[in-house]
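A.B. asks: What would the 3D arrangement of this be:
(2 chains)
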Amino acid sequence: MNHDRIIEVSNLSKTYYSKKRKSLIKSEKTKVQALKNVSFHVNQGEIFGLLGPNGAGKTTLIKILTTLLLPTSGTVRINGFSLDQERGIKMSIGAMLMGERGLYWKLTGRENLKYFGALYHVPKKLCEDRIENLIDLLELEDYIDRTVETFSSGMKMKMVFARALINDAPILMLDEPTNTLDVKEARRLRKIVKEHNESENKTIIYCTHQMYEAEELCHRIAIIDQGQIIALDDPLELKDGLRQSDILSIEGTIPEEARLAVNSLPGVTSANILIKRSNNGSTVEKPYLSVVCEDSHQILPVIISTLNVKGAIIRNIDKQETTLEDVFVNITGRSLMDDTRQSDTSN
Amino acid sequence: MVLQSTDVSLNDHLGVLLGTFIVRVKIISRYKGSLLMDVLIPLFLAAMPILLGQAMAGSTAAASSNFQQNTGLTEANYIAYMIIGANVFSSITTSFWLFGLFIRREQTLGTLESLFMSPAHKLSILAGLTLYVEARSLITFVLGYTLGCVIFGVNPLQGQVLLALFILLLGLIPVNGLSFLLGALVLKVKQANTIFNTFQWPLAIISGIFFPITVLPIFLQIFAFMFPGFYLTHDIQAALIGLKWFFGNVFLDLGVLFAFAIICPLIGYWLFAKTEARSKRAEGIGQF
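C.D. replies: Numbers count the residues shown, from 1 in each chain, chains lettered A, B, ... in the order given. Modelled structure (predicted):
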């Protein structure tokens, strides 16, 4: 990896006002502070993850980096260009925002790619060659010549990804690129992202709220919450910060009173109710108590008896591997799956 | 660091312009019957005042005589006047609402952000759109006017047909320019249909499509004089059915349309660019 800084962001803030409906007629202006003094840099050839719950500010940040939004304050340099050199930035970036949207439904996949090639000033012959390569790479041959309106969500998502690659830009910005893809396709897309990074030295900004994606792909990860970067490091370092602690996952019926009692035990760093999601055809959500503590062997009997006294019914106890979710929970006390849309209300 | 040239050649601009034009043609061709409707709608629109005039007066000749007496347009063929008015109005409507509806459609599709993220100059995209609407208007005008004339028994080749087509193409440029203003409005209020429905008919009135604007109250006449669509309608009527040129001769009338063709797109684009910058400072252009 080359350590030239290809993206530099310093003290970036974004505030805007949005209308909040109070009744049929009345509304009030709500101040939304989407980003608060965000600073970071991305090295050339790096996969840089932006991890955070929905509404944390990831998309706002990506929109500023792609010149779709102007910041309230702060500076950005991308590939040597500042935000007032829009064309330079736009030519340096291939982006996949807004999920499966952003395609012309009445055009075929190929016609979409050709048009976006023209918008990015890709010469016609080169554009046709790239389209053929993308068809092979993303296995689009079965539907590339069908109109987009006939595509499934997954097909559209792959087509939007192909569109992001059509200008062969040095920087790729991918916002939740595996949403709506099935497990196999999502895995394949992550593999392609990784290959693009390794073989073509592309710099990639990868926005996700899926911790395993961030762990699998990213060289460094910024965890973003409520408009601020609350942690930034490589995934191992981030998890190492928690490794001296043990994490217990306790399933069952846990009343709030029992959680508070465990949370206040000596030797317990935090105890939070989180949601475990499993997907076997349909998504099942299971709440569990996540306990971060110093020495689980010693403290476990105390935790169990405390829970019993407070009326909890325990069904299963596991000792967990540290994940980025734990890092996030440890810092914020909330799960990555929570929606944390910011709405500071000052009228 | 990977530094790229940001120079854009004329070929690149032409590629965007042509690409946008082709994409629009392909999209409209896939809405079956859309072009046919473009041809038929002015026919229905013209049929109403023509048939109403005949019903009120008792015959075509009497309706024509009433129209000439009440409007002072003694030289006008009443039926041709209505057919021209309806067809020009159809072209004005397509051009005037083009950009507002385009912005709204792109917002809901999610392609507006994709367009704004691309390095293509917005003027190249707008030029492609304008070319598309000019071609569409020309085709539908020729077909609609001819069909209307055949059905209502008027000679479609009377007057200076080529001059009328030239006036149509020239006069639609300022109307397109004004449509950038509506694009700006749609970008701001994120709504197109209400604006469309509200302004559609006042626009018809001040364009003078079914009667000369001299029958209107003075304040509406002032609006009409500021609207290039009025001169466009009048000049095509002058070229085809021999109305007097508004400023006395064809060159002056064309000169005024030409001036509008320069000024309106500049003002429209300037305002659109300002609204775009304001949107970028707020929630962004793609919000809808």
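A.B. asks: Residue A:205 - nearest residue in space that isn't next to it in sequence?
C.D. replies: residue A:173 (4.6 Å; C-beta to C-beta, 6 or more residues apart in numbering or on different chains). No exception for glycine: its C-beta is placed from N, CA and C like everyone else's.
A.B. asks: give me the element the one you found is part of.
C.D. replies: For residue A:173, the host element (DSSP states H and E) is strand A:171-175.
A.B. asks: How about that strand, which residues are buried there?
C.D. replies: Buried residues in strand A:171-175, counted by 16 or more other C-beta atoms under 10 Å in any protein chain shown: A:171-175.
A.B. asks: Kindly tell me how buried the residue of the stretch 101-250 of chain B found nearest chain A is, as a neighbour count.
C.D. replies: Of the stretch 101-250 of chain B, the residue with the smallest distance to chain A, taken as C-beta to the nearest C-beta, is residue B:110 at 2.8 Å. Per other C-beta atoms under 10 Å in any protein chain shown, the neighbour tally for residue B:110 reads 18.
A.B. asks: same deal with residue B:262?
C.D. replies: For residue B:262, the count of nearby residues is 12 (other C-beta under 10 Å).
A.B. asks: where does it land on pLDDT?
C.D. replies: If you check residue B:262, the pLDDT there is 94.
A.B. asks: Wondering if the helix or strand where it lies reaches chain A at all.
C.D. replies: Secondary structure from DSSP H and E places residue B:262 in helix B:250-281. Yes - counting by C-beta under 8 Å from any C-beta of the partner chain, chain A is contacted by helix B:250-281 at B:277, B:280-281.
A.B. asks: Can you list the buried residues in stretch B:86-98?
C.D. replies: By 16+ other C-beta under 10 Å, the buried positions in stretch B:86-98 come out as B:86-98.
A.B. asks: Tell me which residues of stretch A:300-313 come out buried.
C.D. replies: A:300, A:303, A:306-307, A:310, A:312.
A.B. asks: quick one, what contacts the residue nearest to residue A:205?
C.D. replies: Counting by C-beta atoms under 8 Å, 6 or more residues apart in numbering or on different chains, residue A:173 touches A:62, A:65-66, A:93-97, A:164, A:204-205, A:207.
A.B. asks: possible to save those residues as JSON lines with secondary structure?
C.D. replies: JSON lines is the format used below for the contacts of residue A:173 (DSSP: H, G, I helix; E, B strand; the rest coil):
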{"residue": "A:62", "secondary structure": "helix"}
{"residue": "A:65", "secondary structure": "helix"}
{"residue": "A:66", "secondary structure": "coil"}
{"residue": "A:93", "secondary structure": "strand"}
{"residue": "A:94", "secondary structure": "strand"}
{"residue": "A:95", "secondary structure": "strand"}
{"residue": "A:96", "secondary structure": "strand"}
{"residue": "A:97", "secondary structure": "coil"}
{"residue": "A:164", "secondary structure": "helix"}
{"residue": "A:204", "secondary structure": "strand"}
{"residue": "A:205", "secondary structure": "strand"}
{"residue": "A:207", "secondary structure": "strand"}
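A.B. asks: The closest residue in space to residue B:191 that isn't next to it in sequence: which element?
C.D. replies: Spatial nearest neighbour of residue B:191, excluding adjacent residues (C-beta to C-beta, 6+ apart): residue B:104 at 7.5 Å. Element membership for residue B:104 (DSSP H and E) is helix B:78-109.
A.B. asks: Go ahead and measure how far that helix is from the middle of the chain.
C.D. replies: 5 Å (C-alpha atoms, centre = their mean, to the nearest Å).
A.B. asks: Now do it and helix B:250-281, the angle between them.
C.D. replies: Relative orientation of helix B:78-109 and helix B:250-281, computed by axes from the mean of the first three to the mean of the last three C-alpha atoms, to 10 degrees: 20 degrees.
A.B. asks: counting contacts, what elements does helix B:78-109 pack onto?
C.D. replies: Helix B:78-109 sits against helix B:34-57, helix B:60-71, helix B:111-117, helix B:122-152, helix B:161-189, helix B:193-207, helix B:228-241, with contacts defined as 3 or more C-beta pairs under 8 Å, 6 or more residues apart in numbering or on different chains; DSSP states H and E.
A.B. asks: among these, which is the most enclosed?
C.D. replies: helix B:228-241 (a mean of 25; mean count of other C-beta atoms under 10 Å in any protein chain shown).
A.B. asks: ok, and what's touching the lowest-mean-pLDDT helix or strand in chain B?
C.D. replies: Least confident helix or strand of chain B, by mean pLDDT, DSSP states H and E, is helix B:193-207 with a mean of 81. Residues from elsewhere that reach helix B:193-207 (C-beta under 8 Å, 6+ apart): B:85, B:88-89, B:92-93, B:96-97, B:100-101, B:182, B:185-186, B:189, B:210, B:213, B:216, B:220, B:223-224, B:227, B:229-230, B:232-233.
A.B. asks: next structured bit after that helix?
C.D. replies: Proceeding C-terminally, helix B:193-207 gives way to helix B:218-226 as the next helix or strand, assigned by DSSP H and E.
A.B. asks: If you count contacts, what does that following helix end up packed against?
C.D. replies: On a contact count with 3+ C-beta pairs under 8 Å, 6+ apart, helix B:218-226 meets helix B:193-207.
A.B. asks: try 10 Å
C.D. replies: Other helices and strands packing on helix B:218-226, by 3 or more C-beta pairs under 10 Å, 6 or more residues apart in numbering or on different chains; DSSP states H and E, are helix B:193-207, helix B:228-241.
A.B. asks: So what's the gap between the shortest one and the chain middle?
C.D. replies: If I follow you right, that is helix B:228-241. Offset of helix B:228-241 from its chain centre (C-alpha atoms, centre = their mean): 13 Å.
A.B. asks: Now do the same contact list for residue 276.
C.D. replies: If you meant another chain, say so; for now it's chain A. A:249, A:251, A:284-288, A:290, A:335, A:337 (C-beta atoms under 10 Å, 6 or more residues apart in numbering or on different chains).
A.B. asks: please go with chain B instead
C.D. replies: Residue B:276 neighbours (C-beta under 10 Å, 6+ apart): B:103, B:116, B:122, B:183-184, B:187-188, B:285.
A.B. asks: For residue B:246, report the pLDDT, please.
C.D. replies: 90.
A.B. asks: Give me the three-state assignment for it.
C.D. replies: coil.
A.B. asks: Quick one: low-confidence residue ranges for chain B.
C.D. replies: The model of chain B has pLDDT under 70 over residues B:1-5, B:192, B:284-288.
A.B. asks: now swap in the stretch 201-347 of chain A and tell me
C.D. replies: By pLDDT under 70, the low-scoring segments of the stretch 201-347 of chain A are A:242-243, A:277-283, A:335-347.
A.B. asks: Near chain B, which residues of it? Just list them.
C.D. replies: Residues of the stretch 201-347 of chain A lying near chain B by C-beta under 10 Å from any C-beta of the partner chain: A:201-203.
A.B. asks: Need those residues in a markdown table (columns: distance to residue B:80 and neighbour count).
C.D. replies: A markdown table is the format used below for those (distance: C-beta to C-beta, whole Å; neighbours: other C-beta atoms under 10 Å in any protein chain shown):
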| residue | distance to residue B:80 | neighbour count |
| --- | --- | --- |
| A:201 | 68 | 14 |
| A:202 | 64 | 22 |
| A:203 | 65 | 27 |
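A.B. asks: Contacts only, for residue B:136.
C.D. replies: Contacts of residue B:136 (C-beta under 10 Å, 6+ apart): B:24-25, B:28, B:34-35, B:38, B:91, B:94-95, B:98.
A.B. asks: Please determine how far residue A:215 is located from residue A:311.
C.D. replies: 36 Å (C-beta to C-beta, to the nearest Å).
A.B. asks: Likewise for residue A:179?
C.D. replies: Using C-beta to C-beta, we find residue A:179 at a distance of 39 Å from residue A:311.
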